[in-house]
Structures are given as C-alpha cells and as structure tokens.
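Visitor: Any chance you can model this:
(one chain, ligands or ions: 1)
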Amino acid sequence: MPDSMTMSRNGMVSKIQTRIRTDAFKNNYDLVGKELGRGKFAVVKKCVEKSTGKEHAAKFLRKRRKGQDCRVDIINEIAILESAAGNPFVVSLHEAYETASEIILVLECAAGGEIFNQCVADNDEAFTEKDVIRLAKQILTGVAGLHRNNVVHLDLKPQNVLLTRAHPLGDIRIVDFGLSRRMDSMEEVREILGTPEYVAPEVLNYEPISTATDMWSIGVLIYVMLTGVSPFLGDEKQETFLNISQVNVDYSQDVFEGVSSLAVDFIKSLLVKNPRKRATAEECLKHPWLNGHSNPLPHLHNALRSSLDEPENSPSESEPELESPA
Ligand SMILES: Cc1cnc(Nc2ccc(CC#N)cc2)nc1Nc1cc(C2CC2)[nH]n1
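Guide: Numbers count the residues shown, from 1 in each chain. Model (predicted):
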C-alpha cells in the first residue's frame with residue numbers, strides 16, 4: 001500500500017496528502033531549549049526552521065511500540081490533523097519526516113503552554129470566569145468542527161489544550177490526536193482509551209464511544225478550569241472510576257464559591273451519564289452562560305449585592321437581575 005494510503009485501526013483506509021520526507025530533519029531545523037512534553041511513545045521539542053527562523057514544535061513518534069509496528073497509528077494522526085487543517089483552534093501540521101525508527105511531526109508552536117498550568121495556579125494567576133467563557137467558546141468551536149468531520153478526540157484534558165500566549169491570555173489550540181478516531185465507519189468503537197480523570201462512563205463500561213464521549217471530557221475540563229478541582233479524582237484509579245460511573249460530582253458552594261450558577265448549569269448539561277442526553281458542542285455554544293447572560297464577575301456583584309442590602313441603597317428599576325453565585 002503506497003505511503004499515502006493506510007489501513008486505520010477500525011479497518012478504514014485513510015489517505016494522507018502530506019509528503020513524508022526522508023531527508024534529515026536536522027538539515028532543516030535546529031532543536032532549541034528543553035522538552036515541551038513527553039509521552040509513552042513520543043517526545044515534543046521546540047525547534048526553529050533554518051530557512052525562516054520560525055519556531056515550531058517537533059513531535060518525535062516511535063514507530064515500534066511494545067514490539068508492534070504502529071506506523072499506521074501515526075499515519076492516522078496525520079490524516080486527522082490534515083482533516084482539521086482549516087480549524088483555527090486545532091494545532092496545524094507543517095511538515096513530516098521519517099527515519100528508521102521514528103516519524104517526526106513538525107507542528108505549530110503554541111508558546112503559552114498547557115492551560116493545565118493556569119488551572120492549578122494560585123488566585124492571581126488563575127483564570128477568571130470571563131477568561132474561561134472566552135476559552136470555552138474556542139474549545140467548543142474547535143471540537144464542533146472536529147465532530148462535524150466525524151472526528152472524536154478521545155483525550156481532551158487541560159494538558160492537551162494549549163495557549164498561543166499565557167500573558168496576556170491568548171487563544172487555544174487543541175493538540176494530541178494520538179487516540180483520535182474517525183466515526184465514519186458504522187463499526188462501533190469500544191476500546192478503552194483516554195486519561196482516567198477525564199474519561200466518560202461509557203468508556204469504562206465498554207459501551208459504544210461517540211462524539212458525546214468528548215463532551216463529557218469537556219464538562220470535566222470546564223469544571224477544572226473554573227475551580228482548580230478535578231471532579232472525579234480519587235486516591236486510587238478504581239475510586240476515580242467508581243466516581244465517574246456513579247457521576248459523583250460536588251457542585252457545592254465550597255467548590256464553586258464565586259462561580260455563576262449559569263456556569264454550574266452548563267457543566268451539569270455535560271456530566272450526564274447517558275451519552276444521548278449530553279449536550280452537543282453546537283448546543284453548548286448556544287448555552288446562556290456563553291452568550292452574555294451570565295455575570296462572570298461575581299466579586300463585583302457580591303460587593304454590589306452587599307451594598308444593595310444596606311438601607312441607604314435601593315436598587316434602581318433598571319438594575320439587572322443579580323446572578324446569585326452557584
Ligand atoms: C510551550 C509548550 C509547553 N508545553 C507543551 N506541552 C505539550 C502538551 C501536550 C503535548 C502532546 C501532543 N501532541 C505536547 C506538548 N507544549 C507547548 N507547546 C506546543 C506543543 C505543540 C505541539 C502539540 C505538540 N505545539 N506547541
């Protein structure tokens with residue numbers, strides 16, 4: 001089968017346009033700085049294209065994994081990146097190289113790094129609700145585009161959502177399509193995938209995977225971005241899985257202090273056990289939380305509320321209905 005054609009995991013033949021170069025990557029790029037990321041079978045390093053001086057991210061993917069030739073999986077990742085080429089919120093693929101042991105994907109560099117870092121940051125560095133609303137709209141726009149192409153990501157988490165710039169806050173780029181699937185084939189995809197904290201109940205129950213599987217992960221992602229807390233994380237993996245399967249979620253004031261009730265309503269539309277009852281990406285983009293009906297500066301309103309509570313203040317008729325925090 002020629003390079004440009006390959007049989008994917010679920011028996012689909014996928015065709016790629018990208019020419020996989022066999023000249024030396026190092027003839028055209030200099031590696032700079034420390035590693036950007038490392039997985040079981042891949043490492044990502046910043047590089048500079050010699051001819052343009054432009055920064056990129058080189059993802060070195062091992063072709064042999066656990067004694068098996070996994071080249072087809074890498075070609076699948078290239079095919080999915082190609083299908084998302086016009087998607088402004090998916091990282092773009094620049095070039096690809098092949099050596100005896102690796103395939104190297106030269107990808108767009110998102111200099112702001114993982115949103116994970118801001119999710120776990122202290123107050124002044126953490127996201128405001130207004131930040132999360134803007135980033136959530138971008139994530140959902142990007143995922144809606146993937147889902148329109150029948151592509152499911154299957155590993156959406158804060159580590160795989162990058163920022164073009166951290167300060168001032170830039171735009172998002174969705175990365176790592178190593179576990180992604182095309183849902184074209186009617187054949188059901190049931191493999192156990194993803195990262196425990198973010199994986200949907202149907203994956204744990206070995207039930208069919210769908211675009212709704214990504215929507216569950218987005219619900220977890222938004223929960224973490226707003227609270228810094230991972231909703232299902234237990235001390236052990238089994239406890240995490242039980243929390244997911246039972247949809248044990250804490251929506252209390254302790255966790256959601258200062259977060260609007262519309263934001264909580266948004267998350268509740270995604271952390272739903274039945275995949276068919278979960279909001280789709282397109283439905284999420286129409287949710288009032290993302291369309292100016294929320295008051296994302298609760299501290300201001302809290303202050304306003306306390307001043308309104310005092311006798312000398314009487315809210316004017318035109319005072320907008322105050323959003324009570326979650
Ligand atoms: C500044 C930076 C900091 N940290 C990471 N982490 C990271 C997270 C997930 C993956 C997993 C993947 N793929 C690889 C690295 N990527 C960065 N920039 C990138 C990284 C990239 C492309 C995606 C590699 N463009 N710009």
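Visitor: Measure how buried residue 123 is and give me the count.
Guide: Other residues near residue 123 number 7, with proximity taken as other C-beta atoms under 10 Å. C-beta coordinates here come from the backbone N, C-alpha and C atoms, glycine included.
Visitor: can I assume it sits in a helix?
Guide: No: Residue 123 is assigned coil when assessed by DSSP: H, G, I helix; E, B strand; the rest coil, not a helix.
Visitor: residues in contact with it?
Guide: Residues counted as contacts of residue 123 (C-beta atoms under 8 Å, 6 or more residues apart in numbering): none.
Visitor: what's the spacing between it and residue 218?
Guide: Relative to residue 218, residue 123 is positioned 24 Å away (C-beta to C-beta, to the nearest Å).
Visitor: quick one: contacts for residue 140?
Guide: 218, 281, 284, 285, 290.
Visitor: so which of the residues you listed comes closest to the ligand?
Guide: When the contacts of residue 140 are ranked by distance to the ligand (C-beta to the nearest ligand atom), residue 218 comes first, at 16.9 Å.
Visitor: Output the contacting helices and strands for whichever helix or strand the closest one is part of.
Guide: Residue 218 is part of helix 211-227 when elements are defined by DSSP states H and E. Helices and strands touching helix 211-227, by 3 or more C-beta pairs under 8 Å, 6 or more residues apart in numbering; DSSP states H and E, are helix 116-119, helix 129-148, strand 151-152, helix 201-204, helix 253-256, helix 261-268, helix 281-285.
Visitor: Those: which one's closest to the ligand?
Guide: That would be helix 116-119 among the helices and strands packed on helix 211-227, by C-beta to the nearest ligand atom, at 8.4 Å.
Visitor: Without its sequence neighbours, what residue ends up closest to residue 89?
Guide: Counting by C-beta to C-beta, 6 or more residues apart in numbering, residue 89 lies nearest to residue 142, which is 3.0 Å off, once chain neighbours are set aside.
Visitor: still on that earlier bit, let me know which of the helices and strands packed on helix 211-227 is the nearest to residue 22.
Guide: Residue 22 lies closest to strand 151-152 among those, at 27.9 Å (C-beta to C-beta).
Visitor: Up against the ligand, what does the stretch 101-250 of the chain have?
Guide: 107, 108, 109, 110, 111, 113, 114, 159, 160, 162, 175, 176 (C-beta under 6 Å from any ligand atom).
Visitor: May I see the buried residues of stretch 62-71?
Guide: For stretch 62-71, the neighbour count (16 or more other C-beta atoms under 10 Å) marks 63, 70, 71 as buried.
Visitor: For the residues you listed, give me CSV that also has pLDDT.
Guide: Below are the buried residues of stretch 62-71 laid out as CSV (pLDDT from 0 to 100):
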residue, pLDDT
63, 97
70, 93
71, 95
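Visitor: quick check, nearest of those to residue 171?
Guide: Nearest to residue 171 among the buried residues of stretch 62-71, with distances taken as C-beta to C-beta, is residue 70, at 31.7 Å.
Visitor: check contacts around the closest one.
Guide: Residue 70 touches 41, 62, 63, 64, counting by C-beta under 8 Å, 6+ apart.
Visitor: Any chance of CSV for the residues you listed, columns distance to residue 97 and secondary structure?
Guide: Shown next, in CSV, are those (distance: C-beta to C-beta, whole Å; DSSP: H, G, I helix; E, B strand; the rest coil):
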residue, distance to residue 97, secondary structure
41, 17, coil
62, 14, strand
63, 12, coil
64, 17, strand
